[in-house]
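>>> Take this sequence and fold it.
(one chain, ligands or ions: 1)
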Amino acid sequence: MTLLDDGDARLAVHAPPLLARFNTAGVVAAADVQVARRLGSLVGERDESVLLAVALATRAVRSGSVCLHLEDAASFAADAETPPGELPWPEPAAWEAAIGASPLVAVGVEGPADRPVRWVGGRLYLDRYWRDEMVVRRQADARLAAPPAAVDDARLAAALDRLLPDAGDALQRQAAAAAVAGRLTVLTGGPGTGKTTTVARLIAVLQDVAGPLRIALAAPTGKAAARLQEAVHEVVDELGDEDRERVGTLSASTLHRLLGWLPGSSTRFRHGPGRHLPHDVVVVDETSMVSLPLMARLLEALRPDARLVLVGDPDQLASVEAGAVLGDLVARTPEASGAGGVVRLLTVHRQEEDSAILPLAAAIRAGDAEETLRLLRAGHPSVELVELAEDHLPGDAELASLRADAAAAGRALVHAAREGDATGALRALGSHRVLVAHRRGPAGVAHWSALVEQWVAEAAGPHPDALDPRSPWYPGRPVLVTANDRETGLYNGDTGVVVADGEGLVAVLGDPGAPLRVRTHRLPAVETVHAMTVHRGQGSQFARVSLVLPPAASPLLTRELLYTAVTRAREHVRVLGSAAAVRRAVQTPVRRASGLRTPL
Ligand SMILES: Nc1ncnc2c1ncn2[C@@H]1O[C@H](COP(=O)(O)OP(=O)(O)OP(=O)(O)O)[C@@H](O)[C@H]1O
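Just a heads-up that it's a prediction; the model follows:
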């Protein structure tokens, strides 16, 4: 998360004058300047305008873009201390010419492969991201150009009629037909539009008309994988005997586990172009959270004839690492007609007619700030706005309803944990969650986690056996895993809770119905998690969510952040913040630069 949070704002020492000027103005960080200088010194590039462009490309990657659109370079100055107009920007034509002539830079698609920076169509890439973008572009194009799979049409029609009758949702049926015929299908839709239902049923269709097939279900986080597995099982359990048997027992894993993550690097995997995955079909859920590099590794690892189904909601926050690859793929992929393509589900099927959460999400998604505020203020039982004056921290009265929710959930959590009731404790863990935008500061995770921890301790009362109060382990401690660990099978982002286990303690994680048990001393790095960032909460759902908005001026306040936070709630969402912060969020969609939407 450091990528998006508090960028390194220190000043670079001994930077050449132009770089120093942009560094002082807060447009590029010391780290960006250092990367540019180091790369420049490799080839003896002294032209400061080229080094500035490289520093801006590094800056772009730090803020989630895949490349720098040179003509948008001034946008990085928007949050900086010096107005963009007062900075000594190089003259555009001369700047482009200098970049094109630099020994640092490979020009065009055919440019030499051994240079650290690539310049294509007005975009400047650090080479690694250029290569990953090319992998995704080529693989996606090849998959979409493949001829439709030969299947028995009558058998397909019968399977579709049985599993996805037209009267249910014609788009769901279209998605299944596309996934049978094509090698790349992108299935999108907002919450409750039946994405998971469609995945489970399209697998049954596939097994009927093209099976038996080896199928992998995956998601970017362990939590999302557990949720996918549970949801797919629920749908499969309702199928007829024959379909149920054909589908068999599907289990879901993280993408890292599927690809065979090798410790010591975030992007090295056992499976790749030289060693394909054995699967005939790979279904990825929560694809909005997949970064460009991870998508490239997945595509390289697939057998060319395997079917890939990418499922997700491109209106949610994009990955922590660079890229917004689901949104880019949706924008560049034709609508499904026959083989593969994009299908966007539009009908909300979830039976919650009286909930205001979905209309609220729709208003945010549409960028309608006034409708968002109206719904938040309407006093609906499922939606609450604790409206604060801008630059005003909440007082006890304003915190009362949040405190009541946090204390109730915490009391249930601690009591179940003391009883050794793993399922009850994990259910309580999912009953309420405080979500925030920042990691630090008064609107940050650390502050809110400590505050909730204190409320919970007061609500739950002291432990009857008076455990060592200095011990970090106590029954009811909610934990967030912050590192990947192959030995325990735990991944960064997994959450769980410490529960009593006879005389000792054990951490339980994952699906409340089938929890994973891990001795506390075997846990990888963990944090206490009474509050988490919205990024961390992505891929999870909670019965009740309390979202603490940062001040309206926060650069993290975006439409995607608000939309993602609100759609984490199943029953109730509470927003604490000013009207200005709500408006600012709704009116600030994230823009991440990439070249995927542009033909080469
Ligand atoms: N065609 C349909 N007809 C009737 N009910 C449906 C249909 N499709 C889905 N549903 C129901 O709608 C609800 C939501 O479906 P599902 O969980 O598959 O949506 P989703 O898009 O995966 O949601 P989320 O991403 O929020 O989890 C479920 O209760 C499901 O049974």
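>>> can you point me to the longest strand in this structure?
strand 569-577 (DSSP state E).
>>> List the neighbours of it that are in contact with it.
For strand 569-577, contacts defined as CB atoms under 8 Å, 6 or more residues apart in numbering pick out 355, 357, 360, 376, 381-388, 394, 398, 401-402, 405, 541-550, 565-566, 582. For every residue, glycine as well, the C-beta is placed using N, CA and C.
>>> could you redo the last one with a cut-off of 7 Å?
Under the contact criterion CB atoms under 7 Å, 6 or more residues apart in numbering, strand 569-577 has outside partners 357, 376, 382-386, 388, 394, 401-402, 541-549, 566, 582.
>>> The stretch 201-350 of the chain: strands as residue ranges?
For the stretch 201-350 of the chain, applying DSSP state E, counting those that start in this stretch gives strands covering 215-219, 252-254, 281-284, 307-312, 341-345.
>>> elements contacting the fourth one?
What it means is strand 307-312. When contacts are defined as 3 or more CB pairs under 7 Å, 6 or more residues apart in numbering; DSSP states H and E, strand 307-312 sits against strand 184-189, strand 281-284, helix 325-332.
>>> And for the last one?
Applying 3+ CB pairs under 7 Å, 6+ apart, one finds that strand 341-345 contacts helix 170-181, strand 184-189.
>>> before we move on, back to that, helix or strand next in line after the longest strand of the chain, which one?
Counting by DSSP states H and E, the next helix or strand C-terminal to strand 569-577 is helix 579-586.
>>> So which of the contacts of strand 569-577 would count as near the ligand as well?
Near the ligand, taking CB under 6 Å from any ligand atom as the test, no member of the contacts of strand 569-577 is found.
>>> that older thread, of the strands of the stretch 201-350 of the chain, give the one that comes closest to Ala525.
Ala525 lies closest, by CB to CB, to one member of the strands of the stretch 201-350 of the chain: strand 252-254, at 16.9 Å.
>>> picking that back up, with distance to Trp448 added, can I get the helices and strands packed on strand 341-345 in CSV?
As requested, the helices and strands packed on strand 341-345 are exported to CSV (distance: least, CB to CB, whole Å):
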stretch, distance to Trp448
helix 170-181, 39
strand 184-189, 31
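>>> Need those in CSV (columns: distance to His233 and mean pLDDT).
Shown next, in CSV, are the helices and strands packed on strand 341-345 (distance: least, CB to CB, whole Å; pLDDT from 0 to 100):
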stretch, distance to His233, mean pLDDT
helix 170-181, 19, 96
strand 184-189, 19, 97
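>>> Kindly compare burial across these and name the winner.
Counting by mean count of other CB atoms under 10 Å, strand 184-189 has the highest mean neighbour count of the helices and strands packed on strand 341-345, with a mean of 26.
>>> Return the alpha-carbon coordinates of the helix or strand containing Arg21 using PDB.
For Arg21, the host element (DSSP H and E) is helix 17-24. C-alpha atoms of helix 17-24 as PDB (Å, rounded to 0.1, in the frame of the first residue of the first chain):
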ATOM      1  CA  PRO A  17      18.800  21.800 -11.400                       C
ATOM      2  CA  LEU A  18      15.700  20.900 -13.400                       C
ATOM      3  CA  LEU A  19      15.100  17.700 -11.500                       C
ATOM      4  CA  ALA A  20      15.700  19.500  -8.200                       C
ATOM      5  CA  ARG A  21      13.100  22.100  -9.200                       C
ATOM      6  CA  PHE A  22      10.400  19.500  -9.800                       C
ATOM      7  CA  ASN A  23      11.400  17.600  -6.700                       C
ATOM      8  CA  THR A  24      11.100  20.700  -4.500                       C
END
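>>> what's that helix packed up against?
Using 3+ CB pairs under 7 Å, 6+ apart, helix 17-24 sits against helix 30-43, helix 48-62.
>>> rerun at 6 Å
helix 48-62 (3 or more CB pairs under 6 Å, 6 or more residues apart in numbering; DSSP states H and E).
>>> The helix it packs on packs against which elements?
Against helix 48-62 (3+ CB pairs under 6 Å, 6+ apart) you get helix 17-24, helix 30-43, strand 68-69, helix 92-101, strand 123-126.
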